[in-house]
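Undergrad: need a structure here:
(one chain, ligands or ions: 1)
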Amino acid sequence: MRMTGNTIFITGGGSGIGQALASAFHAKGNKVIIGGRRKAQLEETVKAHPGMESCEIDVRDPDSIKAAANWLILHHPQLDVLINNAGIMKADQTGGVMDDELTVATIETNLLGPIRLTSALIEHLKAQPEATIVNVSSGLAFTPLAFTAVYSATKAAIHSWTMSLRVRLRGSSVRVLELAPPWVRTDLMGGRDEPRAMPLDMFIDETMDRLAFGVDEILVDRVRPLRDNAGPNELAFVETFNDQMAH
Ligand SMILES: NC(=O)c1ccc[n+]([C@@H]2O[C@H](COP(=O)([O-])OP(=O)(O)OC[C@H]3O[C@@H](n4cnc5c(N)ncnc54)[C@H](OP(=O)(O)O)[C@@H]3O)[C@@H](O)[C@H]2O)c1
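TA: Residues are numbered from 1 along each chain as shown. Here you go, the predicted model:
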């Protein structure tokens, strides 16, 4: 994608990967607007990046999505990049009795949120001479972690939906990218100090390079084994992966 001169809305921009991507795009001179629920997180991020703006949004709430989209179109008519990054990841009880509230929250945040927000902005994006949608999935879209089965399923769905979106937007001005991170050191599941996870700054550097390169799927080297898993031996790979993660 074009790396400068964009007006970018990124959900979940007040922490973790979203915040680091917002910062990297801001440093390149793009206009960046960050979205999320926690006002204090958003304000702190904006304060550290003069010129950045924020927009409160709860991607679980269709009315909040509509209000944010209307605000963006009104105040930032040049908006040409949407990064669907907000997400939650929790352990679930797959194989036993499920916590319905958690299941619904995960699907609403990780799957319905991006679908609804994209829908609210798509006609605006199509009217731009050049636009980009980046959907953040996960290596777990391709190799599920049974411990977070519903989360993994939402990310597999994001991968599937992203491919459909790409097909449906062929010939339009909108390019559709998928960013599938490996395990990265953020607060998601309390992994900020996890040595097995990729340091956030390394992940962002590699991701920004890949984004500039012009591929549809943004895959850092570390996520390749998970991405390349699909095939006749998929289940054996998934089992081995889950055994490794259980220790
Ligand atoms: N870290 C990893 O290992 C990893 C690996 C693969 C994929 N990912 C994906 O990367 C994305 C970013 O995760 P992260 O690691 O940066 O974790 P994070 O620091 O916990 O960030 C998640 C962000 O999502 C926002 N969010 C959550 N629920 C929301 C809602 N209902 N409405 C609006 N915003 C909401 C949060 O902001 P508020 O709480 O303020 O709303 C937060 O800023 C997620 O989609 C995640 O699934 C992460």
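Undergrad: going forward, measure contacts and count neighbours with C-alpha atoms only.
TA: OK.
Undergrad: contacts for the lowest-mean-pLDDT helix or strand in the chain?
TA: When the helices and strands of the chain are scored by mean pLDDT, DSSP states H and E, helix 234-245 comes last with a mean of 87. Defining contact as C-alpha atoms under 8 Å, 6 or more residues apart in numbering, one finds that helix 234-245 is touched by 143-146, 229.
Undergrad: buried sites along that helix?
TA: Neighbour counts over helix 234-245 (16 or more other C-alpha atoms under 10 Å) mark 237-238, 241-242 as buried.
Undergrad: isn't Glu194 up against Leu188?
TA: No. Counting by C-alpha atoms under 8 Å, Glu194 does not reach Leu188; the two are 10.9 Å apart.
Undergrad: show me which residues of this protein are close to the ligand?
TA: 11-18, 36-38, 57-60, 85-88, 109, 136-138, 181-188 (C-alpha under 6 Å from any ligand atom).
Undergrad: return a ChimeraX selection command for the buried portion of the residues you listed.
TA: Buried residues among those (16+ other C-alpha under 10 Å), as a ChimeraX selection:
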select :11,12,13,14,15,16,17,18,36,37,57,58,59,60,85,86,87,88,109,136,137,138,181,182,183,184,185,186,188
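Undergrad: strands along this structure, start to end?
TA: Ranges of strands within the chain are 7-11, 31-36, 53-56, 81-84, 131-136, 174-179, 217-218, based on DSSP state E.
Undergrad: how far does the top helix by length along the chain sit from the chain's center?
TA: The longest helix of the chain (DSSP state H) is helix 149-168. Remark: helix 149-168 is offset 11 Å from the chain centroid, using C-alpha atoms, centre = their mean, to the nearest Å.
Undergrad: ok and it relative to strand 174-179, angle-wise?
TA: 150 degrees (axes from the mean of the first three to the mean of the last three C-alpha atoms, to 10 degrees).
Undergrad: helix 149-168: which residues count as buried?
TA: Applying 16+ other C-alpha under 10 Å to helix 149-168 flags 149-159, 161-163, 165-166 as buried.
Undergrad: got it, and stretch 32-47?
TA: By 16+ other C-alpha under 10 Å, the buried positions in stretch 32-47 come out as 32-37, 41-43, 45-46.
Undergrad: could I get these as TSV with pLDDT and distance to Met198?
TA: Below are the buried residues of stretch 32-47 laid out as TSV (pLDDT from 0 to 100; distance: C-alpha to C-alpha, whole Å):
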residue	pLDDT	distance to Met198
Val32	98	25
Ile33	98	26
Ile34	98	23
Gly35	98	24
Gly36	98	24
Arg37	98	26
Gln41	97	23
Leu42	98	24
Glu43	98	27
Thr45	98	22
Val46	98	25
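Undergrad: which pair in these spans the largest distance?
TA: Val32 and Arg37 (16.8 Å; C-alpha to C-alpha).
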